[in-house]
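Chemist: Here's my sequence, what's the structure:
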Amino acid sequence: MKKYRYEYVRIDTGLFFLVPSEDNQHREIIDEYAAKGWRYVGFVPAMQSGEGRIRQYDLVFEQEVE
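Modeler: Here you go, the predicted model:
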């Protein structure tokens, strides 16, 4: 049975979802982790505003453990 370990990277959106942004921080982080052998598996909202907008989220990466 395969075993995996996980790593989480917190991203602060600021006004990311309100105003179009040229910030590609999430893409850079995903590329960086992929180069280190991690696989991006998704994201989890970590903080929301009272209106339900995501203010922070965690990028989730996994790596098979030998």
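Chemist: show me where the protein has helices.
Modeler: 25-35 (DSSP state H).
Chemist: Need the residue closest to the centroid of it.
Modeler: Geometric centre of the chain, nearest residue: L59, 1.7 Å, by C-alpha atoms, centre = their mean.
Chemist: wait, doesn't Y6 sit right on L59?
Modeler: No - between Y6 and L59 no contact is recorded; they are 10.8 Å apart, counting by C-beta atoms under 8 Å. From N, CA and C alone the C-beta is placed, and that goes for glycine too.
Chemist: hang on, the earlier thing: distance check, the residue nearest to the residue nearest to the centre of the chain when sequence neighbours are not counted against G50.
Modeler: Of all residues not flanking L59 in the chain, V9 sits nearest, at 4.5 Å (C-beta to C-beta, 6 or more residues apart in numbering). Distance of V9 to G50, given as C-beta to C-beta, to the nearest Å: 25 Å.
Chemist: D31 too?
Modeler: Distance from D31 to G50, by C-beta to C-beta: 34 Å.
Chemist: These two: who's more crowded?
Modeler: D31 (12 against 5; other C-beta atoms under 10 Å).
Chemist: what's the pLDDT at the more buried one?
Modeler: What the model reports as pLDDT for D31 is 96.
Chemist: ok, now V60?
Modeler: 98.
Chemist: does it have beta-bridge partners, and which?
Modeler: Y8, G42 (DSSP bridges).
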